[in-house]
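K.L.:
Kindly return the folded structure for what I paste below:
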Amino acid sequence: MSEHLPTGAEAHSKFDHAKRQAMVEGMVALVRGKPSDLLPFDDVQRKLGLHITRERGLQQVSLDQIVGSAGKYHDFTRSFWPRNEKLRERWKWIYVAAHDFRGLPPVELYQVGEVYFVKDGNHRISVARALGSKTIEAYVTEYISPAPLTVAIVDAGLDALALQIERERFLGRTRLPELRLGAQIELSQPGGYDTLLEHIAVPAYVLSQQTGQPVAWDEAVTLWYDDVYTPVVRAIRQQDLQRRYPGRSDADLYLWLMEHRDALELAEEQALAAAARQFVETIGRPQLRWLAEARSEPGAWRTRRVLPRSDGPLFADILLPLDETDAAWQTVQDVLPLAELAKSRLHGLWNGQSLEDFSRVGALLRHFTAACQARGVAWQVRAEIGLAGDGLDVISGGYDLVVLRQGDAEARQQDELLGTQIQGVIRRVACPVLVLSPAKPRLSRVLLAYDGSPYAEEALYVAAHLATTWEARLAVVTVEENARTTSATLDAALSYLRQQGIDARGFFKGAQPGPAGAARTILQVAAEQGSDLLLLGDSGYSPFVELFVRSTVDHVLREAGCSVMVCG
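P.N.:
You can find the predicted model right below:
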């Protein structure tokens, strides 16, 4: 028991002194370039991967070894001097209680290596410091650290240690140096190696779903390293990006490009974005912004646009881009009969780069107007200036069908890594997208690819409409990719069509070998049936997954010899 119990005024004065000490500590730390903040335990736990604990019981712990806290780490300095006025009342009460014969109960600490973090007792430690104590009694729980942790290492910064631990864990998990001799992946900041493990795991999982067979981890590692990481790094080196950004490794730039895909369309004057865009252009010219955007839920277009109308055409408003090329005008000619048959309104979108472009577009718009009037098709023209890409992501919400034209075979095989521009449009718009084939613009024989997924259900609904409104002959194919798609899947689709008064042929086929087996089977059936249109639902994959693994939709868009309609 203390011989003197402090008064409230004395405790008040002691708190003021402790708070001044906090200010002094902050100024000294600023001059010396050393930290004055307590470390957040959650941050340390995450960086070092701390999970395993053991109880160490009651111990005397040096105050100088306590470097952080599991909570309230902003309220005290590294030496546990109080920073905030809001701490005053509790701090004064504990200061007085510390002089009572009963004293204060032990604090609770986490131990990591040679340093400690407060689980409970920040105020008690602060008061002990003010009283001149060197140690404090504490119940200690130790976290087993993968590397030694000392006060000196903490003062120098944890990032270097965390990076070393992450790298060793990554190499141990992947065995990359054994699988690919000479492989070196060096990152400069912690956190990235865990992201690389995700890049390996995601496409491996998707491939296993596609083939119905598990993908061995070693195979997944080499697949990612050979087919994803290495091509990207090769392009980075071709563009000499490391010279522009010294201190950044190949792996740093790889991660930056993958994690900032939405930044690749920023202004030209922004050097990093411009360099990243130059990199992308070495392997194709895709529109990348859609990779970072959330996709629409299946049927969002029908819920928002079709159901409120109660009657009228399914494709009431059809949108197609206009320009001065012969291909664009041929698309107009091919779409007009469809719009006339479906009683649709045709919207032509022209996108110029400057006001001066209007001077040369008048004849095109007059030509479009005259063609629509000649077929008795309602029409509307929309002219925009400076929309990014084709602008469809900006204005697609008010339409029921977007029509694009299929490129030639060579163009469709470009963009090997990052996907096609048409895929970008499909991701951005909620309504169905029709990609017209210049070889087969008529849509009289339709093949529906149906797997029972929510997006396939939307395609089934549209197929029933095409069979009645466009008087198309309909067939359905279901490909047995895995246990989810069976003959019962096909039967369900045919049953729905019969209820709509539609007689359709059905084909249940096994997938051909390989990741693109389902797409090749669908394309084979389409060729055998002489189909003019392939109708299918979107893949359901996230844009991140499709960076690595092509979906059935992507394969079909690249290789189809007929028109394709994708429903989302």
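K.L.:
Hmm, F76 is touching N122, no?
P.N.:
Yes: the pair F76 and N122 qualifies as a contact (CB atoms under 8 Å) at a distance of 5.9 Å. Where you see a C-beta, it was placed from the backbone N, CA and C, and this is true even at glycine.
K.L.:
what is in contact with the two at once?
P.N.:
S69 (CB atoms under 8 Å, 6 or more residues apart in numbering).
K.L.:
need the contact list for Y496.
P.N.:
By CB under 8 Å, 6+ apart, the contact list for Y496 reads 460, 464.
K.L.:
That one and Y205, how far apart?
P.N.:
Going from Y496 to Y205 by CB to CB, to the nearest Å gives 31 Å.
K.L.:
what's the answer for A300, then?
P.N.:
26 Å.
K.L.:
ok, A475 to R304 distance?
P.N.:
A475 is 30 Å from R304, by CB to CB.
K.L.:
So those two - more neighbours on which side?
P.N.:
Legend: neighbour count by other CB atoms under 10 Å for A475 and R304, higher for A475 (18 against 14).
K.L.:
thinking that one is in contact with D503, fair?
P.N.:
No: using CB under 8 Å, A475 is not in contact with D503, being 10.5 Å away.
K.L.:
For the residue lying closest to A475 once chain neighbours are set aside, give me its contacts.
P.N.:
Closest residue in space to A475, ignoring its immediate chain neighbours: R505 at 4.4 Å, by CB to CB, 6 or more residues apart in numbering. R505 sits next to 474-476 when contact means CB under 8 Å, 6+ apart.
K.L.:
So which of those is the closest to A147?
P.N.:
Top of the list for closeness to A147, among the contacts of R505 and by CB to CB, is V476 at 59.4 Å.
K.L.:
how much space between the closest residue to L336 other than its chain neighbours and A339?
P.N.:
Leaving aside its sequence neighbours, L336 sits nearest to R375 (CB to CB, 6+ apart; 4.9 Å). According to CB to CB, R375 and A339 sit 8 Å apart.
K.L.:
The residue nearest to L336 touches P337, doesn't it?
P.N.:
Yes: between R375 and P337 there is a contact under CB under 8 Å: 7.4 Å.
K.L.:
what residues are up against the closest residue to T469 other than its chain neighbours?
P.N.:
Closest residue to T469 in three dimensions, ignoring its sequence neighbours and counting by CB to CB, 6+ apart: A342, at 5.6 Å. Shown in contact with A342 (CB under 8 Å, 6+ apart): 313-315, 318, 469-470.
K.L.:
next one: Y116
P.N.:
Neighbour list for Y116: 61, 65-67, 109-110, 138, 140 [criterion: CB under 8 Å, 6+ apart].
K.L.:
Can you tell me the strand partners of the host helix or strand of it and which way each runs?
P.N.:
According to DSSP states H and E, Y116 maps onto strand 115-120. The strands beside strand 115-120 in its sheet (DSSP bridges) come out as strand 66-69 (parallel), strand 107-112 (antiparallel).
K.L.:
Mind checking those for the one nearest to T521?
P.N.:
Proximity to T521 (CB to CB) singles out strand 107-112 among these, at 55.8 Å.
K.L.:
quick one, domains of this protein?
P.N.:
The chain breaks down by automatic domain parsing into domains covering 8-156, 159-283, 300-567.
K.L.:
Endpoints of the first one, how far apart?
P.N.:
It refers to domain 8-156. 40 Å (CA to CA, to the nearest Å).
K.L.:
so how far is it off the chain centroid?
P.N.:
Computed by CA atoms, centre = their mean, to the nearest Å, the separation of domain 8-156 from the middle of its chain amounts to 39 Å.
K.L.:
about what we covered before: distance of the residue nearest to T469 from L474?
P.N.:
Distance from A342 to L474, counting by CB to CB: 16 Å.
K.L.:
what do you get for V381?
P.N.:
The value you get for V381 to L474, if CB to CB is used, is 34 Å.
K.L.:
before we move on, what about G172?
P.N.:
For G172, the distance to L474 - CB to CB - is 55 Å.
K.L.:
Am I right that L349 is in a strand?
P.N.:
Yes: L349: assigned to a strand according to DSSP: H, G, I helix; E, B strand; the rest coil.
K.L.:
Correct me if wrong: it contacts R382.
P.N.:
Yes: between L349 and R382 there is a contact under CB under 8 Å: 5.1 Å.
K.L.:
These two: which is more packed in?
P.N.:
L349 (22 against 14).
K.L.:
hey, what's the more buried one bridged with?
P.N.:
Here L349, judged by DSSP bridges, has bridge partners P321, R382.
K.L.:
So that it lines up with my notes, have the first residue be 381 from now on.
P.N.:
With 381 as the first residue, the last one maps to L729.
K.L.:
these two touch, right, S459 and G406?
P.N.:
No: look at S459 against G406 with CB under 8 Å: they stay out of range, at 10.4 Å.
K.L.:
And those two? Which one has more around it.
P.N.:
S459 (19 against 15).
K.L.:
all strands of the stretch 581-730 of the chain, in order?
P.N.:
Using DSSP state E, counting those that start in this stretch, the strands of the stretch 581-730 of the chain run over 697-702, 725-732.
K.L.:
I'd like the ones you listed written out as CSV, with distance to T387 and mean pLDDT added.
P.N.:
CSV is the format used below for the strands of the stretch 581-730 of the chain (distance: least, CB to CB, whole Å; pLDDT from 0 to 100):
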stretch, distance to T387, mean pLDDT
strand 697-702, 80, 87
strand 725-732, 79, 82
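K.L.:
What residues sit buried inside the longest helix belonging to the chain?
P.N.:
Counting by DSSP state H, the longest helix found in the chain is helix 388-412. Neighbour-count burial for helix 388-412, with 16 or more other CB atoms under 10 Å as criterion, is recorded at 391, 394-395, 398-399, 401-402, 405, 409.
K.L.:
Any stretches of the stretch 731-880 of the chain with poor pLDDT?
P.N.:
732-741, 764-777, 787-801, 803-804, 807-808, 820-821, 863 (pLDDT under 70).
K.L.:
what pairs with V946 across the strands?
P.N.:
Where V946 sits in a bridge, its partners, by DSSP bridges, are V813, L916.
K.L.:
show me where pLDDT drops low in the stretch 531-680 of the chain?
P.N.:
583, 586-587, 589-591, 619-622, 624-625, 639-676.
K.L.:
was I right about H579 contacting V608?
P.N.:
Yes: the pair H579 / V608 is scored as a contact, 6.9 Å apart, by CB under 8 Å.
K.L.:
who's more crowded, V761 and L854?
P.N.:
Legend: neighbour count by other CB under 10 Å for V761 and L854, higher for L854 (21 against 17).
K.L.:
Now do the phi/psi pair for that one.
P.N.:
Reported as degrees, to the nearest 10, the phi and psi values for L854 are phi -120, psi 140.
K.L.:
can you tell me which residues contact it?
P.N.:
Taking CB under 8 Å, 6+ apart as the test, what L854 contacts is 826-828, 843, 846-847, 877, 882, 884-885.
K.L.:
for those residues, which one is nearest D539?
P.N.:
Nearest to D539 among these: L828, at 54.2 Å, using CB to CB.
K.L.:
Tell me how far the closest one lies from L718.
P.N.:
Distance from L828 to L718, by CB to CB: 18 Å.
K.L.:
For whichever strand or helix holds E558, name the packing helices and strands.
P.N.:
Assigned by DSSP H and E, E558 falls within helix 556-559. Judged by 3 or more CB pairs under 8 Å, 6 or more residues apart in numbering; DSSP states H and E, helix 556-559 is in contact with helix 597-604.
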